[in-house]
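**Q** Fold the following for me, if possible:
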Amino acid sequence: MDKVVIITGGSRGIGAQTALLAARQGYRICINYQSDEDAALRVLDQVRALGAQAIAVRADVSSEDEVIALFNRVDTELGRVTALVNNAGTVGHKSRVDEMSEFRILKILKTNVLGPILCAKHAVLRMSPRHGGQGIRVNAVRPGYIFTDFHALSGDPNRVSKLESGIPMARGGRPDEVAEAIIWLLSDKASYSTGTFIDLGGGR
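**A** Residues are numbered from 1 along each chain as shown. The predicted structure is shown next:
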């Protein structure tokens, strides 16, 4: 069976590393991104260089119209999706709760909560046996402090380095280490794993 994966937030960090590893495992890959087209195209070039059929699609996962368009592109250009990696997320600059604006709170909730639900909905419409799919397993990876540029969004790009002393393994994690867990959960090697979590926090 063809393996087709959508990776939201696939243009950087954990998402980008997951795309590269998926390419080595024979997936057709959709790299979703919201704004950084240059970064997405760089990952796309790397994935294609590994021999994978792949596309990069701009879509805000917190908008259902854009999620519908994203999945329709995959249907047309890659085939029926068989795996979804809900990876897109955001964070605001550090601040006190009483200083947060409604706009900031809603933006974070829409991206981090609504977005994954919308993407899951449209994956179910393709992957569920009720809709002609092969079935669904649902698992999650919980990363700890991982070295990616995500932390710069909070205004503290060196956050992981500052916190390493409190991690039992005494170091931050790498995006490729998280990608390995994600790809394992997607694979047939994890065929009896569903409704579970893999913690990747260096013991914290």
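**Q** and the closest residue to residue 148 other than its chain neighbours, how far is that from residue 115?
**A** Leaving out its chain neighbours, the residue that sits closest to residue 148 by C-beta to C-beta, 6 or more residues apart in numbering is residue 13, at 3.3 Å. The way it works is simple: take the backbone N, C-alpha and C, and place the C-beta from them, glycine included. According to C-beta to C-beta, to the nearest Å, residue 13 and residue 115 sit 16 Å apart.
**Q** now do residue 134
**A** Relative to residue 115, and taking C-beta to C-beta, residue 134 is found at 24 Å.
**Q** Show which residue of the chain lies farthest from the average position.
**A** When distances are taken from the C-alpha mean of the chain, residue 98 lies farthest, 30.3 Å away, according to C-alpha atoms, centre = their mean.
**Q** Need the three-state assignment for that residue.
**A** helix (DSSP: H, G, I helix; E, B strand; the rest coil).
**Q** follow-up on the earlier one: quick one, which of residue 13 and residue 115 is more surrounded?
**A** Set residue 13 next to residue 115 and count neighbours by other C-beta atoms under 10 Å: residue 115 wins out with 26 against 22.
**Q** Residue 9 is in contact with the more buried one, correct?
**A** No - with contacts counted by C-beta atoms under 8 Å, residue 115 stays clear of residue 9, the gap being 9.1 Å.
**Q** Which positions within stretch 189-204 qualify as buried?
**A** 190, 198, 200, 202 (16 or more other C-beta atoms under 10 Å).
**Q** Go through those and flag which are in strands.
**A** 198, 200 (DSSP state E).
**Q** Looking at the buried residues of stretch 189-204, spot the one nearest residue 149.
**A** Using C-beta to C-beta, residue 200 comes nearest to residue 149 of the buried residues of stretch 189-204, at 18.1 Å.
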